[in-house]
Every structure is written in C-alpha cells, then in structure tokens.
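K.L.:
Give the three-dimensional model of this entry:
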Amino acid sequence: MSQYSFGFVYVLTNKIMPGIVKIGMTAAPEEEKPMGLFTTGLPDAFEVVFRAITSHPAELEKRVHDQLKEKRYRPNREFFEVTPELAATTILQARQETDGIKAWAKKSQLYLQDGDRLLLSMRTGQVLFVSAYPSVIAPEAEMIDLWQVHTDGDTLELYFTDDPAYLPNDEPHSPETGTHTADNDIIIYKERLVPGDRLLWMDDTEPRFISALFESKCHCQLIARTRDPKFTAEGYPKLINVDTSWTASSQVSAAKQYVCSLPRPRTWAARHPGVAKGWTDGAWKNAPPANWLQQLNQKPVNRNTQ
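P.N.:
Next comes the predicted model:
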C-alpha cells in the first residue's frame, strides 16, 4: 500500500471577477475543479491559470493562505485580491518549504514502495547522490550518479512501481499533470532507479548540513523539471549536471561515504540485468498516464443522473 501521493494547489480566475483569484487544493486533476464551480449562478466558467503538484497539498494550501491573509476577500472564502502571478510565486516559494529538503529530512530513511509518489522541491547548490550495490555480494555500494541543482524551485518527481517495463529513461512517457491553460515545467532530465538504489539529497549551504535519504524497494521513474532552465557559456543546457568548478565539501564527502557503507538494501535488483539472465526486461511498455497518477483514472459515469 502506498504511503505518499500527489495533490495539486491551483489558481483560478474568472472573467466576471477581475483582480480576484481563487487558490485551493485538490487531489483530483485540477481540470475538474473549474467544472464543479461552474454553476447556474455564474455566467462564465473558471479558468486554471496555474497549478503546482505537491506531496503535501493541505499543508501547502494553508501556508499560501496564511501568507496572503491580508489580501483575502472574505475570511471564510478561498478568494484573494492578488494577481495570478503573485499567487503562483507565493505557491512556488511555499512549496520549497512543504516539499523541500527540511520537510523530508524530518523523517528517517524513507523506504519507498509500489504506488508511492514523491515531489522534491530543490534549491540552487543542493546536490543529489545515487548509490547502488553492483552485486549482492559486493562489500559496499558504489556511486552511480551525482547531480547538482541550478535553479531554486527545480523539482524531482519520483514514481515508484513494481513493473520495470514502465520505466523509460529517454523519451518521456510520464504524465504531464497539466491543463490546457496552465503550462508545465520543462522536463530537463529523466532517469530510473532499481530496487536497492539509494538517493541522498544534501544541502551544505545552510548553517548546518542537512540531508534526506530515500531507498527504493521497487523500480522508480525519476523526472527532473525546471521553470527557469540554465545554460553553460557555450549555450548548452545544464540539466542537473555538476558544474566543473564545484568541489564537494567535507560534509558532502562524509555523507556519500556513509551511504555507500550502509548495509545491503532490503531488496535488490541489477541495474543492467539482461533478459538472458532471468531478469524482467525494462522499458518496453508505454504506460498510460493513469499508471503514474491514479487521479487520472476515468471516473465511472452515473447513468441515473440527468
């Protein structure tokens, strides 16, 4: 049974209410929310102008409402006298707290399983380290990848599944989670993790070193997104590559060594297994979006209603 799931915090506008936006949350696709608000009492429909995916929708919505409380139209309503741009900026800034490294570091090592969905909201300069045991008899794990964040608010979406056939690492087959009107962040990188892989998220820019450790008990589709892509001096996108000028601090180096020396994971799979060796082949199915976001499953139609 999954422990973590996604929700949405959204911004709606309506032509008959200039200067006012509605800020709310939902576990369902945000396209359904405006339809539910479009009643016979309104001459025009609401429009989704912004949405943010989050692992903590209730907490994120509360933070945003608290920060904009002076602009609230009425105390008991979710309407605010702010621009859509200010509402979106407030949501993104608040998400760096609700889904940031400090939020996830409050938990001890997280063991993720089939159906879990996590959103990590990152800050510039943070680094992420992926380790894996090369074999079940290896004395310790090895570094597989080292990534660096280049923009505040860049995100990692982690989708865990028992089926490795749904995990491409080239052409995206993951859900876009967006609307026809609200734009999605740009996918800048995609990778897959296998059972036993560990992801260590680190920040040594704070007054004290902080980290969050995740261990995959199954397969994982990892997607990095940004709203503000960065480029090298030559004009190439940075993606999540480590800058050539970056040097690991003693705290980062010690944390990496600690993770590599941890006992063998609870579950393990080879990163490059090969069908001939008896492993299930990976990335041969085109997973429907509902496989990644259960909210996208089509609801049954109630034929008794008119």
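
K.L.:
got the contact list for the helix or strand where Val64 lies?
P.N.:
Using DSSP states H and E, Val64 sits in helix 57-67. Applying C-beta atoms under 8 Å, 6 or more residues apart in numbering, the contact partners of helix 57-67 are 6-9, 23-27, 52, 54, 72, 78, 87, 90-91, 94-95, 97-99. No exception for glycine: its C-beta is placed from N, CA and C like everyone else's.

K.L.:
Which pLDDT value goes with Gln257?
P.N.:
With respect to pLDDT, Gln257 scores 95.

K.L.:
Confirm that it sits in a strand.
P.N.:
No: Gln257 is assigned helix when assessed by DSSP: H, G, I helix; E, B strand; the rest coil, not a strand.

K.L.:
how many other residues sit next to it?
P.N.:
11 (other C-beta atoms under 10 Å).

K.L.:
Okay, it and Leu167: tell me how far apart.
P.N.:
From Gln257 across to Leu167, the span is 29 Å (C-beta to C-beta, to the nearest Å).

K.L.:
what do you get for Phe160?
P.N.:
Distance, Phe160 to Leu167, using C-beta to C-beta: 10 Å.

K.L.:
Now do the shared contacts for the two.
P.N.:
Shared contacts of Phe160 and Leu167, counting by C-beta under 8 Å, 6+ apart, come down to His219, Cys220.

K.L.:
Have a look at this structure and report its longest helix.
P.N.:
helix 84-98 (DSSP state H).

K.L.:
Run through who's touching that helix.
P.N.:
For helix 84-98, contacts defined as C-beta under 8 Å, 6+ apart pick out 9, 11, 13, 21, 23, 49-50, 52, 54-56, 59-60, 63-64, 67-68, 80, 82, 103, 119, 121, 123, 152-153, 227.

K.L.:
from those, which ones fall inside helices?
P.N.:
Going by DSSP H, the helices hold Glu59, Leu60, Arg63, Val64, Gln67, Ala103 from the contacts of helix 84-98.

K.L.:
And stretch 236-250, how far out from the chain middle?
P.N.:
21 Å (C-alpha atoms, centre = their mean, to the nearest Å).

K.L.:
shaky segments in the protein?
P.N.:
Counting by pLDDT under 70, the chain shows low-confidence ranges at 1, 29-43, 168-184, 273-285, 295-306.

K.L.:
those helices in the stretch 101-250 of the chain, which residues are they?
P.N.:
Under the criterion DSSP state H, counting those that start in this stretch, the stretch 101-250 of the chain contains helices at 101-105, 250-260.

K.L.:
buried residues in the last one?
P.N.:
What that stands for is helix 250-260. Val252, Ala255, Lys256, Val259, Cys260 (16 or more other C-beta atoms under 10 Å).

K.L.:
Kindly report the same for the shortest one.
P.N.:
By 16+ other C-beta under 10 Å, the buried positions in helix 101-105 come out as Ile101, Ala103, Trp104.

K.L.:
try stretch 204-219
P.N.:
Neighbour counts over stretch 204-219 (16+ other C-beta under 10 Å) mark Asp204, Ile210, Ser211, Ala212, Leu213, Phe214, Glu215, Ser216, Lys217, Cys218, His219 as buried.

K.L.:
I'd say Glu142 and Ala132 touch.
P.N.:
Yes: applying C-beta atoms under 8 Å as the test, Glu142 and Ala132 come out as touching, 6.5 Å apart.

K.L.:
more crowded one of those two?
P.N.:
The neighbour count for Glu142 versus Ala132, taken as other C-beta under 10 Å, is higher for Ala132 (24 against 11).

K.L.:
rewinding a little: kindly reformat the ones in helices among the contacts of helix 84-98 as TSV containing distance to Ala138.
P.N.:
Below are the ones in helices among the contacts of helix 84-98 laid out as TSV (distance: C-beta to C-beta, whole Å):
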residue	distance to Ala138
Glu59	40
Leu60	40
Arg63	43
Val64	46
Gln67	48
Ala103	32
